[in-house]
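> Quick check, what structure comes out for this input:
(one chain, ligands or ions: 1)
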Amino acid sequence: MTSYADFYRQSIDQPDAFWSEQAKLIEWHKPFDRVCNYDNPPFVQWFEGGQTNLCHNAVDRHLADRAGQAALIAISSETGSERTYTFQDLHGEVQRMAASLKALGVAKGDRVLIYMPMIAEAAFAMLACARIGAIHCVVFGGFASGSLASRIEDAAPKVIVSADAGSRGGKALAYKPLLDEAIRLSSHKPDAVLLVDRGLASMEWVAGRDHLWNELRETHADAHVPCEWLDSTAISYTIYTSGTTGKPKGVQRDTGGYTVALAASMKHIFDGRAGETFFSTSDIGWVVGHSYIVYGPLIAGMATIMYEGLPTQGMDKQPHGGIWWELVEKYRVTVMFSAPTAVRVLKRQDPALLTKYDLSSLRALFLAGEPLDEPTARWISEGLNVPIIDNYWQTESGWPILTIANGVEKKPSKFGSPGIPMYGYNVKLLHESTGEELTVPGEKGVVVIEGPTPPGFMQTIWKDDKRFVDTYWKSVPSKLVYSTFDWGIRDADGYYFILGRTDDVINVAGHRLGTREIEESISGHPQVAEVAVVGVADALKGQVAMAFAVLKDSSLAQDSAAALKLEGEIMKLVDGDLGAVARPARVRFVTALPKTRSGKLLRRAIQAVCEGRDAGDLTTMDDPAALQQIKDKVAV
Ligand code: AMP
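Model (predicted):
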């Protein structure tokens with residue numbers, strides 16, 4: 001067996017040889033001429049000249065050997081539905097969806113925005129886009145009109161696929177009014193909207209624009225839509241992620257590189273084997289959902305579980321608190337993927353739920369999206385008695401940057417560390433201001449990646465190469481390196497420890513949010529003159545957003561009933577604009593915000609005060625009383 005050290009070294013020193021070997025894990029319609037084109041850094045083109053298709057590799061390819069095997073298991077504890085689609089069934093559904101999209105005018109290169117709950121049709125829509133070469137852009141169903149509108153504006157989709165409603169905790173959440181409002185707010189209007197009617201909420205119909213999937217599916221019941229062979233470098237999808245500005249970034253991925261990266265990660269990292277079942281508890285609206293609910297497991301010939309519902313018992317007593325483990329037992333799940341927050345939620349329940357089911361099929365639980373604290377890791381690892389594997393990555397990378405590649409060599413994990421750099425990632429730690437490489441164990445620096453970035457990594461920001469270069473590749477002086485915007489340290493064994501973001505991005509329950517976006521939303525309240533939002537440590541969610549607002553009429557904040565009412569209004573505003581995920585835990589009113597003399601908000605000082613830490617060097621602060629006010633408010 002190869003040692004991981006050798007495997008990794010080859011990926012960095014001889015990337016062409018390494019990745020042409022990995023490229024054999026997928027099927028190509030036309031072989032590539034060149035493995036890695038890095039002539040124009042930091043832009044990388046992988047497998048130039050080659051032609052393939054994501055949907056072919058995820059679905060059609062398996063028809064020969066496993067047509068009757070489960071491919072997609074769609075379960076909703078909200079509606080009580082449970083349905084298994086074999087690869088053959090999935091092939092049929094995806095072609096029906098592809099034919100419907102084509103009938104609505106979608107052609108290769110067109111964008112299709114998908115705003116859907118966790119239902120099978122969402123996966124059909126993604127795979128159908130991949131099949132016909134349309135670029136999908138999935139927007140998390142928990143986002144509201146404002147977030148959705150900015151994404152419609154940027155992606156300019158020809159068609160939007162959506163549903164009447166999602167459901168959470170037994171309560172239907174109507175999507176259609178949010179979607180209609182978002183389309184009204186956006187200057188770009190889609191030609192058509194394709195709607196799945198789940199019978200959960202009534203829909204106001206826009207004649208000529210809105211179409212019913214339930215009907216089109218019948219029309220195209222026998223559709224035969226072959227896969228469009230795409231250049232390896234053709235765009236497969238964009239997914240929006242938050243940054244330090246209010247405008248979300250469309251992370252753009254290719255076709256061939258991504259397919260190879262996922263196939264390789266399923267083998268070397270997740271160790272998932274054809275015929276087995278993979279269960280990721282994420283949502284299709286996040287990158288984990290793209291890579292490890294839909295594409296990765298299917299490419300590997302595995303069945304994938306798509307679960308709509310809570311992980312624990314809800315107010316309406318649905319589902320029961322052992323639902324995930326019941327699914328593991330029932331579908332003989334071998335590999336599971338979740339987030340630390342979800343485990344912290346489970347931890348509040350009766351621990352006997354972990355031993356009630358037969359979990360002998362499970363080989364490993366992967367956790368990602370936020371730092372994994374030691375008590376949580378220990379609790380779940382002892383409860384399940386399987387390896388708990390932390391993995392660190394970003395929307396931008398598409399697959400893990402740091403973890404343990406147990407499929408190559410079984411190496412020990414260390415509590416608190418997501419692991420070591422994955423093959424293809426030339427990870428370095430650099431000094432924040434000098435850009436010098438840090439080589440002494442234990443030194444804190446910025447985690448960066450030297451180009452060329454591996455297959456599967458973002459190609460660029462949709463429609464904005466300049467922003468891609470300026471945002472990610474220019475933050476370290478005199479060096480062209482990709483910044484993750486995370487602080488890290490490395491120990492003497494080469495294991496990394498992630499210490500949090502260097503920028504104003506926060507991580508609430510594994511969801512990445514930009515504080516600027518929340519501030520912009522709150523500033524929309526007529527009473528708000530100025531606002532600062534920071535992320536504050538939270539035992540359950542990792543971080544929560546905390547807002548400090550200066551009112552136009554400061555006397556309003558003196559009246560506690562009026563202040564409470566305003567706080568409620570602001571929260572509602574954020575709910576309606578961005579979605580409940582972005583709602584601040586508290587909104588406190590102050591008369592001034594702490595700033596530097598040049599007017600820059602001192603967010604890190606505010607955050608430190610909120611977390612009861614020392615606020616650090618404040619010599620550049622303009623008005624010390626402003627920070628004191630925040631201290632007083634937090635103490636209440
Ligand atoms: P997202 O793009 O939403 O997946 O967020 C990526 C960010 O989440 C990273 O830049 C980190 O700040 C954080 N993150 C993701 N996975 C981990 C992990 N395993 N440990 C620590 N932080 C993580």
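> what's the neighbour count on A163?
A count of nearby residues for A163, using other C-beta atoms under 10 Å, gives 26. All C-beta atoms are positioned from the backbone trio N, CA, C, and that covers glycine.
> Who are the contact partners of it?
Contacts for A163 (C-beta atoms under 8 Å, 6 or more residues apart in numbering) come out as 116-117, 119, 121, 175, 195-198.
> now the residues you listed in a markdown table, with distance to R83 and secondary structure?
Output for the contacts of A163, formatted as a markdown table (distance: C-beta to C-beta, whole Å; DSSP: H, G, I helix; E, B strand; the rest coil):
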| residue | distance to R83 | secondary structure |
| --- | --- | --- |
| M116 | 16 | strand |
| P117 | 15 | coil |
| I119 | 10 | coil |
| E121 | 11 | helix |
| Y175 | 21 | coil |
| L195 | 20 | strand |
| V196 | 14 | strand |
| D197 | 17 | coil |
| R198 | 13 | coil |
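> which one of those residues sits closest to E78?
Of all those, E78 sits closest to P117, with 8.6 Å by C-beta to C-beta.
> how much space between the closest one and I404?
33 Å (C-beta to C-beta, to the nearest Å).
> tell me the contacts of the residue lying closest to S76 once chain neighbours are set aside?
The spatial neighbour of S76 that comes closest, neighbours along the chain excluded (C-beta to C-beta, 6 or more residues apart in numbering), is E308 at 4.0 Å. Going by C-beta under 8 Å, 6+ apart, E308 touches 74-79, 117-119, 166-167.
> hmm, try it at 7 Å
The neighbourhood of E308, defined by C-beta atoms under 7 Å, 6 or more residues apart in numbering, consists of 76, 78, 117-119, 167.
> What count of nearby residues applies to K158?
Neighbourhood size, K158 [other C-beta under 10 Å]: 21.
> Quick check: it touching G109?
No. The pair K158 and G109 does not pass the contact test of C-beta atoms under 7 Å, sitting 9.8 Å apart.
> circling back: and of the contacts of E308, the nearest to A529?
When the contacts of E308 are ranked by distance to A529 (C-beta to C-beta), P117 comes first, at 37.8 Å.
> Where does the stretch 401-550 of the chain get nearest to the ligand, which residue?
As assessed by C-beta to the nearest ligand atom, the ligand sits closest to R512 within the stretch 401-550 of the chain, at 3.2 Å.
> Please read off the pLDDT at that residue from the model.
Looking at R512, its pLDDT stands at 86.
> and stretch 530-544, how far out from the chain's middle?
Distance of stretch 530-544 from the chain centroid (C-alpha atoms, centre = their mean, to the nearest Å) equals 19 Å.
> my bad, stretch 447-461
Here stretch 447-461 is found 17 Å from its chain centre; the criterion is C-alpha atoms, centre = their mean.
> quick one: average confidence on that stretch?
Computed over stretch 447-461, the mean pLDDT rounds to 98.
> Name the residues of the stretch 501-636 of the chain found near the ligand, please.
Contact residues, the stretch 501-636 of the chain versus the ligand (C-beta under 6 Å from any ligand atom): 501, 507, 512.
> Leaving out chain neighbours, which residue sits closest to the residue of the stretch 101-250 of the chain found nearest the ligand?
Of the residues in the stretch 101-250 of the chain, the one nearest the ligand is T241, at a distance of 5.3 Å by C-beta to the nearest ligand atom. For T241, ignoring the flanking residues on the chain, the nearest one in space by C-beta to C-beta, 6+ apart is T395 at 4.1 Å.
> how near is the one you found to K541?
Per C-beta to C-beta, T395 is found 19 Å from K541.
> where along the stretch 401-550 of the chain do the helices fall?
Under the criterion DSSP state H, counting those that start in this stretch, the stretch 401-550 of the chain contains helices at 465-472, 515-523.
> Other residues contacting stretch 62-80?
Applying C-beta under 7 Å, 6+ apart, the contact partners of stretch 62-80 are 82-88, 90-91, 119-120, 123, 167, 170, 274-275, 298, 301, 303-309, 318-319, 323, 327, 331.
> hang on, the earlier thing: any idea how far the residue nearest to T241 lies from the ligand?
Remark: distance between T395 and the ligand (C-beta to the nearest ligand atom, to the nearest Å) = 3 Å.
> does D538 really touch M546, like I thought?
No. With contact defined as C-beta under 7 Å, D538 and M546 do not form a contacting pair (9.6 Å).
> who has more neighbours, these two?
Neighbour count, other C-beta under 10 Å: between D538 and M546, M546 has more, with 25 against 17.
> Check the contact between the more buried one and V590; I expect there is one.
No. Taking contacts as C-beta under 7 Å, M546 lies outside contact range of V590: 11.8 Å.
> Spell out which parts of the protein neighbour the ligand.
Neighbours of the ligand within the chain, by C-beta under 6 Å from any ligand atom: 241, 287, 368-372, 390-395, 418, 484, 486, 498, 501, 507, 512.
> Can you tell me which of the residues you listed are buried?
For the residues of the chain next to the ligand, a burial check counting by 16 or more other C-beta atoms under 10 Å picks out 241, 287, 368-372, 390-395, 418, 484, 486, 498, 501, 507, 512.
> list the contacts for the closest residue to A625 other than its chain neighbours?
Spatial nearest neighbour of A625, chain neighbours left out: A592 (7.1 Å); criterion: C-beta to C-beta, 6+ apart. Residues in contact with A592, defined by C-beta under 7 Å, 6+ apart, are 550, 623, 626, 629.
> circling back to that earlier point, report pLDDT for the residue nearest to T241.
pLDDT at T395 comes out at 96.
> what does V636 give?
We note a pLDDT of 67 for V636 in this prediction.
> Now do stretch 619-634: everything it contacts.
548, 588, 590-597, 602, 605-606, 609-610, 615, 618.
> Show me what counts as buried in it.
Neighbour-count burial for stretch 619-634, counted by 16+ other C-beta under 10 Å, picks out 621-622, 626-627, 629-630, 633-634.
> and which of these is nearest to V251?
Ranked by distance to V251 (C-beta to C-beta), those are led by I630 at 34.0 Å.
> so what's the residue nearest to that closest one when sequence neighbours are not counted up against?
Of all residues not flanking I630 in the chain, V609 sits nearest, at 5.4 Å (C-beta to C-beta, 6+ apart). Contact analysis of V609 by C-beta under 7 Å, 6+ apart lists 615, 627, 630-631, 634.
> with the residues you listed in mind, which one is nearest to the ligand?
Taking C-beta to the nearest ligand atom as the measure, A615 is the one of the contacts of V609 closest to the ligand, at 22.2 Å.
> so how many other residues sit close to that closest one?
Using other C-beta under 10 Å, A615 is surrounded by 18 other residues.
> Tell me how far it lies from V609.
As defined by C-beta to C-beta, A615 lies at a distance of 6 Å from V609.
> just G407 next, same as before
Here the distance between G407 and V609 works out to 45 Å (C-beta to C-beta).
> one step back: tell me the most buried of the helices of the stretch 401-550 of the chain?
Mean neighbour counts were compared across the helices of the stretch 401-550 of the chain using mean count of other C-beta atoms under 10 Å; the top stretch is helix 515-523, at a mean of 22.
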